[in-house]
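A.B. asks: everything below, folded, please.
(one chain, ligands or ions: 1)
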Amino acid sequence: MTGLEAARGVKDVKKLPPHVVVLFGATGDLARRKLLPGLFHLFMSKLAPPMRIVGTSLDDLDTEEFRAVAVKACSEFSSRVFTPEAAAEFAETVSYVPQGAGAEALATQVRQELAVLGTEAHMLHYLSVPPMAAMAVLEMLHEADLVKKSRVIMEKPFGTDHDSAVALNASIHRWFKEEQIFRIDHFLGKEAAQNILAFRFANGLFEPIWNRNFINYIQIDVPEKLALEGRSHFYESTGAFRDMVVTHLFQILAFVAMEPPTALAPNPIGEEKNKVFRSMRPLDPRNVVRGQYLGYRDEPGVAPESQTETFVALKAEIDNWRWAGVPFYLRTGKGLADGQRIISIAFHEPPKSMFPEGSGVGQQGPDHLTFDLADEFKVSLSFYGKRPGPGMKLDKLSLQFAMQETEQAGLVLEAYERLILDAMKNDHTLFTTAEGIERLWDVSAPLLDDPPPVRSYTQGSWGPNAIHQLIAPHAWRLPFERIWRNKKTES
Ligand code: BG6
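C.D. replies: So this is what the prediction gives:
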């Protein structure tokens, strides 16, 4: 085994049983952009145990046609080196059954693949389908007798409100045991999200100041440049709040806000996250800005009078001792000026009396701790320091760390890769819980029942003007005044 393989934990993989991955929604956007390229990487890097993939979707394709779809997806979207030879080897492991062919046809194909892998083999069903379609797929798995020795990854959003999430949980439990279910939220699989836990709980430096006495407010800001990318059918019935906030942004909020868990294990982490969700105040629609980019209603598949939001910004509050009075400002939307995933922790400002007028103290905002949740994790701490030379002028300076500058940058797994592998290992640590999801829908109920009207914004902006009132007297961190240092481009 090479040093690199050892660092990646290739040895642990040998302990895992082979897997047949049954991919529902196999021709959809997520499968093409992330899941197929991710499975391709796991296959080529030998990080996953031996596996065979059975794709299925509403498209009427045969195996050869689907293999072409898979290879094209890997060549277009894989973030690693792509070679046609490697893709051809991967394609050999892939087969396809149209969902319309029914449960028996799916069962026959899956059993054939299981036979190739031997009696130890397990199944991993990945439901990359909208919430409405999930129940029918689960029923099909039951009918096809593909429940035993299997695990199920369920995509978000999990339900569309509290009642539908409860109903979905109840219906899954008709056929699957809780330990077989992995409710995925890929933001938790991002290397950077796990680094929040490392940063907070593996160091003595920050945890003592991680509370309302030192922190003034927090922003979780995930603007996206991308617009619909052909997903209007999904998006029209989902919108930015259900697609991103009740899922990714609230899960990240829990990692930022939770108490130290008793262990790095599913139950202790789930319990601390759920305590955060239980402490969240129900969302007040007056603290929410919904937006829709101009031109959205002209997109194919979008209703001419659509009220679906493509943007949402809101203030969330956590009513506990650690966070009382500390607002959490969340923002996300499509068609915005930039694509970023930023968490900013703004610290209280000190009294500035000793500095002469015009020194610049406090002029560039408070000290911030900033996490960039990109695959290339970055963190920075900004502070005021003295400008060199005579007098006492102050400038905002920063300490920065970028994963890409380290020798381990190549070991980073993409979020879906990490989480698929965790599900194969039966590790629930980075997955969400039924209780947490149901509580988040409860917190969201006042907004879902009485949503404020959508305000329009131009593509390439930062959202409707009302976002500034929402956050006043503070200001949105983005766009950054000072860009991240980039060692690669610096001379
Ligand atoms: C998905 C949403 O879950 O997350 C998309 O459905 C969004 O609308 C995507 O674009 C963002 O994920 P990432 O990993 O690119 O930040």
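A.B. asks: what's in contact with stretch 278-291?
C.D. replies: Contact with stretch 278-291 is made by 240-241, 309-320, 323, 333, 439-440, 442-447, 450-457, 463-464, 466-467, 470, as judged by Cβ atoms under 8 Å, 6 or more residues apart in numbering. Yep, even glycine has a C-beta here, placed from its N, CA and C like the rest.
A.B. asks: measure that stretch end to end?
C.D. replies: From its first residue to its last, stretch 278-291 covers 28 Å (Cα to Cα, to the nearest Å).
A.B. asks: and stretch 44-60, by the same measure?
C.D. replies: Rule used - Cα to Cα; the end-to-end distance of stretch 44-60 is 28 Å.
A.B. asks: what kind of secondary structure is the residue nearest the centre of the chain in?
C.D. replies: Against the mean C-alpha coordinate of the chain, by Cα atoms, centre = their mean, the closest residue is residue 187 at 2.1 Å. Here residue 187 is helix, with the state taken from DSSP: H, G, I helix; E, B strand; the rest coil.
A.B. asks: could you check how far it is from residue 137?
C.D. replies: 23 Å (Cβ to Cβ, to the nearest Å).
A.B. asks: tell me the contacts of residue 57?
C.D. replies: Counted by Cβ under 8 Å, 6+ apart, residue 57 has contacts 24, 25, 26, 27, 28, 31, 98, 99.
A.B. asks: any idea which residue of the stretch 151-300 of the chain lies closest to the ligand?
C.D. replies: residue 243 (4.7 Å; Cβ to the nearest ligand atom).
A.B. asks: ok, back up a step: buried members of the contacts of stretch 278-291 into PyMOL, please.
C.D. replies: Selection command for PyMOL covering only the buried members of the contacts of stretch 278-291, criterion 16 or more other Cβ atoms under 10 Å:
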select buried, resi 240+241+309+310+311+312+313+314+315+316+317+318+323+333+439+440+442+443+444+446+447+451+454+455+457+463+464+467+470
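A.B. asks: near the ligand, from the contacts of stretch 278-291?
C.D. replies: When Cβ under 6 Å from any ligand atom is applied, no member of the contacts of stretch 278-291 is adjacent to the ligand.
A.B. asks: now, which of the contacts of stretch 278-291 lie within helices?
C.D. replies: 240, 439, 440, 442, 443, 444, 445, 446, 447, 466, 467, 470 (DSSP state H).
A.B. asks: just to check, residue 484 is in contact with residue 400?
C.D. replies: Yes. Under the criterion of Cβ atoms under 8 Å, residue 484 makes contact with residue 400 at 6.7 Å.
A.B. asks: tell me, what's touching those two both at once?
C.D. replies: If you check residue 484 and residue 400 against Cβ under 8 Å, 6+ apart, the residues they both contact are 378, 380.
A.B. asks: who has more neighbours out of these two?
C.D. replies: Higher neighbour count among residue 484 and residue 400: residue 400, with 16 against 13, using other Cβ atoms under 10 Å.
A.B. asks: what mean pLDDT does the host helix or strand of the more buried one have?
C.D. replies: Element membership of residue 400, judged by DSSP states H and E, is strand 394-402. In this model, strand 394-402 has a mean pLDDT of 94.
A.B. asks: flag every buried residue along it.
C.D. replies: 394, 396, 400, 402.
A.B. asks: ok, now which ones touch the last one?
C.D. replies: If I follow you right, that is residue 402. With Cβ under 8 Å, 6+ apart, residue 402 has these contacts: 376, 377, 378, 484, 485, 486, 487.
A.B. asks: wait, the second one sits on residue 192?
C.D. replies: This means residue 377. Yes. Using Cβ under 8 Å, residue 377 is in contact with residue 192, at 3.9 Å.
A.B. asks: now do the shared contacts for those two.
C.D. replies: Contacts common to residue 377 and residue 192, judged by Cβ under 8 Å, 6+ apart, are residue 371.
A.B. asks: ok, residue 426 - contacts?
C.D. replies: 151, 179 are the contacts of residue 426 under Cβ under 8 Å, 6+ apart.
A.B. asks: nearest residue to residue 291 in space, please, no chain neighbours.
C.D. replies: The shortest distance from residue 291 to any non-neighbouring residue, by Cβ to Cβ, 6 or more residues apart in numbering, is to residue 311 (3.3 Å).
A.B. asks: how close does the one you found get to the ligand?
C.D. replies: 12 Å (Cβ to the nearest ligand atom, to the nearest Å).
A.B. asks: what residues does the stretch 51-200 of the chain put near the ligand?
C.D. replies: Close to the ligand, as judged by Cβ under 6 Å from any ligand atom, the stretch 51-200 of the chain has no residues.
A.B. asks: can you map out the helices along the stretch 51-200 of the chain?
C.D. replies: Applying DSSP state H, counting those that start in this stretch to the stretch 51-200 of the chain gives helices spanning 63-77, 84-91, 103-117, 131-143, 162-175, 191-201.
A.B. asks: could I get the ones you listed in JSON lines, plus columns for mean pLDDT?
C.D. replies: Shown next, in JSON lines, are those (pLDDT from 0 to 100):
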{"stretch": "helix 63-77", "mean pLDDT": "98"}
{"stretch": "helix 84-91", "mean pLDDT": "95"}
{"stretch": "helix 103-117", "mean pLDDT": "98"}
{"stretch": "helix 131-143", "mean pLDDT": "92"}
{"stretch": "helix 162-175", "mean pLDDT": "93"}
{"stretch": "helix 191-201", "mean pLDDT": "94"}
